[in-house]
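*Asks:* what would the 3D arrangement of this be:
(one chain, ligands or ions: 4)
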Amino acid sequence: MSIKRKIAYLLTASIAALPAALCGPFPAAESASASARSVSIADYGAVPDDDKDDLDAIRQAVAAAKAAGKSVYVPSGTFLYSDVIVLNGVDLIGEGESSVLRSTNPQKQAVQLAGSGSDIRKVKLTTVPVSTRLSSSVSARVHVTPEASNFSVTDTVIEGGSSAGIIVYGVNGTIKGNAVRDTLADGIHITGGSANIKVENNVGRDTGDDMIAVVSYEKNGTWVKNVKIANNDVAGGHARGITVSGGTNVEIERNRIADTGGAGIFIASEGSYQTYEVRNLKVSRNEIVRDSRNAAIPEKGGIRLQATYKEPSIVNAIFERNTITDSADSAVLILGSASIQASFSRNEIVNPANHGIHILKTVTGTLSFLRNTVDGAGGSAMYNQSQAQVTSDLPNSAPPGGGEEDGYIAARGTPHIDGAVDDVWSNATPLRLNTDPNGTTGTVRIAWDNVALYYLFEMTDATPNAMGAEEHSDSVEVWVDELNAKNGTRTVGDYQLRVGYDNTLSSAIRGFNLSNVRSAVVQREGGYTAEFAVPYTALTPQAGDVIGFNASANDDSDGDGRRDTYLSWIDKNLPYWADTRVYGEVTLGN
Ligand SMILES: [Ca+2]
Ligand SMILES: [Ca+2]
Ligand SMILES: [Ca+2]
Ligand SMILES: [Ca+2]
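*Replies:* Ligands and ions are numbered 1, 2, ... in the order given. Prediction:
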């Protein structure tokens, strides 16, 4: 289908009625005849390469273009803008990478597309250096507003930005042929009930979070729907390659995804962000290479399905003819405790470090795997620990029953909070964290009395430090479901608490009362001991009560103030940060 036909297919009469030249391939003669169809920002006083702000000139040119029914032209050169530029039913068109709009204000970097039929094409958006990640829409580079329709972002280069590259809330739009690099947040982020969006032939490199994401937050009250993500080329990036966290009718096909920090393709209802379920998804003919390279990122896997919030979480999801090569984890990794209905056929898996297909023990639902191939897996072709209804022509290598142990005991008694190991601790079962590639590991023990739960971590860490904040410092964390209510998302009786190597307390739970916590950390050669007491938040305890629990720890192994690995008591693939149902259980002893 030609570009012209695609646009005609997508856009309504208002934009289809624009001059034909604007709908076809960008003509070389555009600038020569610019005055006939467009208003140049230079005509309103914008001066390139003079280090002076051109915001007022650009805004005046936009207003004049709107009044005259013309487009706005950005000549070659670097023009500065210090605040948001709004295109309300106006096109902004440059000469390509030589037409540079440079943001001088990290807080307000957006070119906003509003109204109907706003397009941005053939410009390059750059920025002064940014270091703080922001989340406001006006700090994104292109912001398609909720009332926008019939928009396009085409052949535009985005280089740097304090938030997302392109954030979309509108309907009926095309994002095509753009390059997005080095933003601090997602590359292309589609949310807020957007509908009928095509994301095609874009290049994403080294974005600060996911490269392309469809996200439907429950708080928005509606789903993102009818999105096609095709023929994009994304590589690097801090987190995932392509994400769908809530959405309906989404197609992901023929994309190339390489060298991601986290998962290659991530499909989820996410407990940590309270996103909707995913319905009617087709993921086909994608090429995923070298996913999951960052040991500090928990969301791993070539294709990762994570069902941690909505019940069901993933419905009618089809994965076919994808290739997944050299995953640093499992090529297909399925986890969470809400149900999933998905089928995988004719996928080709080559050399995953862990399993070809790994289904964790808490997974429920109906899963089908037929005619997939797995070569060179570090683990098994199929490792299914779950009780889900699984149909597969690959033999399952997991032992029956999942090998669950029990009998984890919290000791009854009251330790002194001083970082020294009291006698009471000898009655508690040591829960062993996994060992990371640097040898960092540890144990945690729990004690209880009528006032509080007590925790003792004895950590081995060859590089103890507190160069970073929160999880970026060497630190230990408890994840507690006092009532063992297994609500999924955190609610009454659930808390998370982090104690740093320097005895700094923090929590991901807003409003968690840190001042009630007493803690001590003893720093020593090759490690540290943390001992702390947290008063009950909901439980009136009795011997024999069972609490839901996980312990984790963070290791900055090179002292740069960034976490390099994390450890966990329960299987670290279980999404304990998002789903209290996957916690282990510990009994309050006599
Ligand atoms: Ca200027
Ligand atoms: Ca003590
Ligand atoms: Ca360390
Ligand atoms: Ca580090």
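*Asks:* residues in contact with the closest residue to residue 177 other than its chain neighbours?
*Replies:* If the residues on either side of it in the chain are set aside, residue 177 comes closest to residue 155, at 4.5 Å by Cβ to Cβ, 6 or more residues apart in numbering. (C-beta placed from N, C-alpha, C; glycine too.) When contacts are counted by Cβ atoms under 8 Å, 6 or more residues apart in numbering, residue 155 is found next to 26, 96, 121, 122, 176, 177, 178.
*Asks:* name whatever forms a beta bridge with residue 350.
*Replies:* According to DSSP bridges, residue 325, residue 375 are recorded as the beta-bridge partners of residue 350.
*Asks:* give me the subset of the contacts of residue 155 touching ligand 2.
*Replies:* When Cβ under 5 Å from the ion is applied, no member of the contacts of residue 155 is adjacent to ligand 2.
*Asks:* what subset of those residues is buried?
*Replies:* Among the contacts of residue 155, those classed as buried by 16 or more other Cβ atoms under 10 Å are 26, 121, 122, 176, 177, 178.
*Asks:* correct me if wrong: the fifth one contacts residue 198.
*Replies:* Right, residue 177. No - contact criterion Cβ atoms under 8 Å: residue 177 and residue 198 do not qualify, at 11.3 Å.
*Asks:* surely residue 424 forms part of a helix?
*Replies:* Yes - remark: residue 424 belongs to a helix, assigned using DSSP: H, G, I helix; E, B strand; the rest coil.
*Asks:* which residue, neighbours along the chain excluded, lies closest to it?
*Replies:* For residue 424, the nearest residue in space outside its immediate sequence neighbours is residue 413; the separation is 3.3 Å by Cβ to Cβ, 6+ apart.
*Asks:* so what's the closest residue to residue 95 other than its chain neighbours up against?
*Replies:* The spatially closest residue to residue 95, leaving aside those adjacent along the chain, is residue 76, at 5.2 Å (Cβ to Cβ, 6+ apart). Taking Cβ under 8 Å, 6+ apart as the definition of contact, the neighbours of residue 76 are 48, 94, 95, 98, 99.
*Asks:* list the beta-bridge partners for the second one.
*Replies:* Spelled out, it's residue 94. Here residue 94 sits in beta bridges with residue 74, as judged by DSSP bridges.
*Asks:* please name the residues that touch it.
*Replies:* By Cβ under 8 Å, 6+ apart, the neighbours of residue 94 are 73, 74, 75, 76, 121, 122, 123, 124.
*Asks:* pretty sure the last one sits against residue 141.
*Replies:* No - counting by Cβ under 8 Å, no contact exists between residue 124 and residue 141, whose distance comes to 10.4 Å.
*Asks:* find the residues that touch each one of those two.
*Replies:* Taking Cβ under 8 Å, 6+ apart as the criterion, residue 124 and residue 141 both touch residue 158.
*Asks:* the more surrounded of these two?
*Replies:* residue 141 (28 against 20; other Cβ atoms under 10 Å).
*Asks:* the more buried one against residue 108, yeah?
*Replies:* No - between residue 141 and residue 108 there is no contact under Cβ under 8 Å: 11.0 Å.
*Asks:* let's have the contacts of residue 94 in a markdown table, adding pLDDT and distance to ligand 3.
*Replies:* Converted to a markdown table, these look like this (pLDDT from 0 to 100; distance: Cβ to the ion, whole Å):
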| residue | pLDDT | distance to ligand 3 |
| --- | --- | --- |
| 73 | 97 | 55 |
| 74 | 98 | 49 |
| 75 | 97 | 53 |
| 76 | 98 | 50 |
| 121 | 98 | 48 |
| 122 | 98 | 48 |
| 123 | 98 | 45 |
| 124 | 98 | 41 |
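*Asks:* name the SS class of the residue positioned nearest the centre of the chain, please.
*Replies:* In the chain, the C-alpha closest to the average C-alpha coordinate belongs to residue 210, at a distance of 5.2 Å (Cα atoms, centre = their mean). Reducing the assignment at residue 210 to three states with three-state DSSP gives coil.
*Asks:* same question, residue 130
*Replies:* Secondary structure of residue 130, per three-state DSSP, is coil.
*Asks:* find the pair from the contacts of residue 155 with maximum spatial separation.
*Replies:* In the contacts of residue 155, the most distant members under the criterion Cβ to Cβ are 96 and 176, with 14.7 Å between them.
*Asks:* just the CA trace of stretch 218-237, in PDB.
*Replies:* Taking Å, rounded to 0.1, in the frame of the first residue of the first chain, the C-alpha atoms of stretch 218-237 are listed here in PDB:
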ATOM      1  CA  GLU A 218      -6.800   1.600  34.900                       C
ATOM      2  CA  LYS A 219      -6.900   5.100  36.200                       C
ATOM      3  CA  ASN A 220      -7.500   6.300  32.700                       C
ATOM      4  CA  GLY A 221     -10.800   4.400  32.600                       C
ATOM      5  CA  THR A 222     -10.300   3.000  29.100                       C
ATOM      6  CA  TRP A 223      -8.000   0.900  27.000                       C
ATOM      7  CA  VAL A 224      -5.700   1.700  24.200                       C
ATOM      8  CA  LYS A 225      -7.100  -0.100  21.200                       C
ATOM      9  CA  ASN A 226      -6.300  -1.000  17.600                       C
ATOM     10  CA  VAL A 227      -2.600  -0.500  17.500                       C
ATOM     11  CA  LYS A 228      -0.300  -1.900  14.900                       C
ATOM     12  CA  ILE A 229       3.400  -1.900  15.600                       C
ATOM     13  CA  ALA A 230       5.300  -3.100  12.500                       C
ATOM     14  CA  ASN A 231       8.700  -3.100  10.900                       C
ATOM     15  CA  ASN A 232      10.300  -1.100  13.600                       C
ATOM     16  CA  ASP A 233      14.000  -1.500  14.500                       C
ATOM     17  CA  VAL A 234      14.800  -1.000  18.100                       C
ATOM     18  CA  ALA A 235      18.000  -1.700  19.900                       C
ATOM     19  CA  GLY A 236      19.700  -1.000  23.300                       C
ATOM     20  CA  GLY A 237      17.400   0.700  25.800                       C
END
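*Asks:* number the chain from 36, please
*Replies:* I'll keep to 36 as the first residue from here, and by that count the last item is stretch 253-272.
*Asks:* residues of that stretch that come out buried?
*Replies:* By neighbour count with 16+ other Cβ under 10 Å, stretch 253-272 contains the buried residues 253, 255, 258-265, 267-272.
*Asks:* up against ligand 2, what does the stretch 336-485 of the chain have?
*Replies:* 450, 451, 453, 455, 457.
*Asks:* go again using 8 Å as the cut-off
*Replies:* Applying Cβ under 8 Å from the ion, we find that the stretch 336-485 of the chain lies next to ligand 2 at 450, 451, 452, 453, 454, 455, 456, 457, 460.
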